[in-house]
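Q: Quick one, fold the following:
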Amino acid sequence: MHDTSIIFSLFLVFSGAALIATLALYARQALLIAYIALGIILGPWALDVVSNPALIADIANIGILFLLFLLGLSLEPKDLKKLFREAIVVTAVSSVVFATLGFAVAKLFGFTLTDSLLVGAAMMFSSTIIALKLLPTSALHHQRMGELIVSVLLLQDMLAIFVLLSLEGLGNQNNLLSETLILFVGLPVMAIAAWWVATRVLTVLFQRFNQIQEYLFLVAIGWCLGVAELATVIGLSHEVGAFVAGVTLATSPIARFIAESLRPLRDFFLVLFFFALGAGFDVGSLPQVAIPALLLAAISVTVKPYVFRLLLQREQEKARMARETGARLGQISEFSLLIVVVATELHVMSGEASALVQSATILSFVASSFWIVRRYPTPISMDSKLYRD
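A: Next up, the predicted model:
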């Protein structure tokens, strides 16, 4: 970054994001597209106002920790039972189909086996942000659909955690035995210890001081970051630690309050994350990956809805519900971007493959958002009649 203060950098990010986000809303696009676009505009490949986004990227990674922490908070035992009963078949079969298609496309264009596997993994997931931000909650039809979409997305996100754990092993092949021990011994031990502290200590504190919201907020943040740091001490990643921290608090009576309190903070850092992603995007590699990126994006916005529709109808969902749910899940995920970032940092994914996934994801965001707001009820629908659906 040029000789600018962090305050000036934040001014550029959030003032610019507010402007671009306004244009995005008029264009009926998801806001995260605006944040990525702003990063590209201000980054080294355009205006070069932010020539080194590393500082912002470091700060922005906290948003990913909060995202995973909140994901863990939402995994209540009763919800898990419902997930395995209603959504596991849909998620499992669709993940295999999309991973196979992604792998095939990458191999077709000459990528290595490891790169192709990671591209396939990235194709398995749909965007939580787009699916939920564009879902109205006013009608019973969409409340039911929301439950269905959340079920699938939560299972996908749990699968994404497994992929992140696998990356830990790929990134340390020279110490494969120790990494295996960490995954199969260190992770359960950490999870059990975190659960004990959460249920025997934190729950007592929450019950004792539940009227002091500032204290609850403070302890929740400290717990998230503390377990995330503990995870790195035993050889895991911050992201896995944050997820474990959330899961251990999922049964707390104030889990919902914590989740609502942390969402604005999460959104603050996620703006920085997507900005940093755009600023660090290798625009120069686009000519090399343009065709496979377009192909992957086309698969995500055409094949994904069709596959989800077939699987949901097989599970006795009504045709209209299955069709709309499939359309709302027809894109690649922000978790795919996270996997790419982690894989690149661990040096297990090439820069060209990283650019491929990032390009395909952004294209799928744009196409999917535009299609959804043209055809279905959303907070930014193009047809006013859709608001009353």
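Q: What is the neighbour count of residue 366?
A: 20 (other Cβ atoms under 10 Å). Backbone N, C-alpha and C define where each C-beta goes, glycine included.
Q: which residue sits closest to it, ignoring its sequence neighbours?
A: Distances taken as Cβ to Cβ, 6 or more residues apart in numbering put residue 33 closest to residue 366, at 6.0 Å, once the chain neighbours are dropped.
Q: Can you verify my assumption that that neighbour contacts residue 367?
A: No: if you go by Cβ atoms under 8 Å, residue 33 and residue 367 don't touch, sitting 10.6 Å apart.
Q: So those two - more neighbours on which side?
A: Shown here are residue 33 and residue 367; by other Cβ under 10 Å, residue 33 has more neighbours (21 against 17).
Q: For the residue with the largest distance to the centre of the chain, which residues are in contact?
A: Centroid-distance maximum for the chain: residue 208 at 34.2 Å, with Cα atoms, centre = their mean. If you count contacts by Cβ atoms under 8 Å, 6 or more residues apart in numbering, residue 208 has none.
Q: What does the pLDDT read for it?
A: According to the prediction, residue 208 has pLDDT 89.
Q: show me the contacts for the residue nearest the centre of the chain.
A: Centroid-nearest residue in the chain: residue 335, 3.3 Å away (criterion: Cα atoms, centre = their mean). The contact partners of residue 335, taken as Cβ under 8 Å, 6+ apart, are 125, 128, 156-157, 160.
Q: where along the stretch 251-389 of the chain do the helices fall?
A: For the stretch 251-389 of the chain, helices defined by DSSP state H, counting those that start in this stretch occupy the ranges 255-279, 286-298, 304-314, 319-328, 334-345, 351-375.
Q: Buried residues in the fifth one, which are they?
A: Taking 16 or more other Cβ atoms under 10 Å as the basis for neighbour counts, the residues of helix 334-345 that come out buried are 334-344.
Q: tell me the average confidence for it?
A: 86.
Q: okay, the angle between that helix and helix 351-375?
A: 170 degrees (axes from the mean of the first three to the mean of the last three Cα atoms, to 10 degrees).
Q: Relative to the whole chain's centre, how far out is helix 334-345?
A: 10 Å (Cα atoms, centre = their mean, to the nearest Å).
Q: can you give me the angle it makes with helix 255-279?
A: Using the same axes, to 10 degrees: helix 334-345 against helix 255-279 is 60 degrees.
Q: Convert helix 334-345 to PDB, retaining C-alpha atoms only.
A: Extracted in PDB, the C-alpha atoms of helix 334-345 (Å, rounded to 0.1, in the frame of the first residue of the first chain):
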ATOM      1  CA  GLU A 334     -17.600 -17.400  -1.100                       C
ATOM      2  CA  PHE A 335     -16.400 -20.500   0.700                       C
ATOM      3  CA  SER A 336     -14.800 -21.500  -2.600                       C
ATOM      4  CA  LEU A 337     -12.900 -18.300  -2.600                       C
ATOM      5  CA  LEU A 338     -11.800 -19.000   1.000                       C
ATOM      6  CA  ILE A 339     -10.600 -22.500   0.000                       C
ATOM      7  CA  VAL A 340      -8.600 -20.900  -2.900                       C
ATOM      8  CA  VAL A 341      -7.100 -18.300  -0.600                       C
ATOM      9  CA  VAL A 342      -6.000 -21.000   2.000                       C
ATOM     10  CA  ALA A 343      -4.800 -23.400  -0.700                       C
ATOM     11  CA  THR A 344      -2.700 -20.600  -2.300                       C
ATOM     12  CA  GLU A 345      -1.200 -19.600   1.000                       C
END
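Q: any low-confidence regions in the stretch 51-200 of the chain?
A: For the stretch 51-200 of the chain, applying pLDDT under 70 flags the ranges 51-53, 76-86, 137-143, 169-184.
Q: Please repeat the previous calculation with a cut-off of 50.
A: 140 (pLDDT under 50).
Q: Among the contacts of residue 335, name the ones in helices.
A: 128, 156-157, 160 (DSSP state H).
Q: what sits against the closest residue to residue 290 other than its chain neighbours?
A: Spatial nearest neighbour of residue 290, excluding adjacent residues (Cβ to Cβ, 6+ apart): residue 359 at 7.4 Å. The contact partners of residue 359, taken as Cβ under 8 Å, 6+ apart, are 286, 289-290, 293, 297.
Q: Apply 7 Å and report the result again.
A: 286, 289, 293 (Cβ atoms under 7 Å, 6 or more residues apart in numbering).
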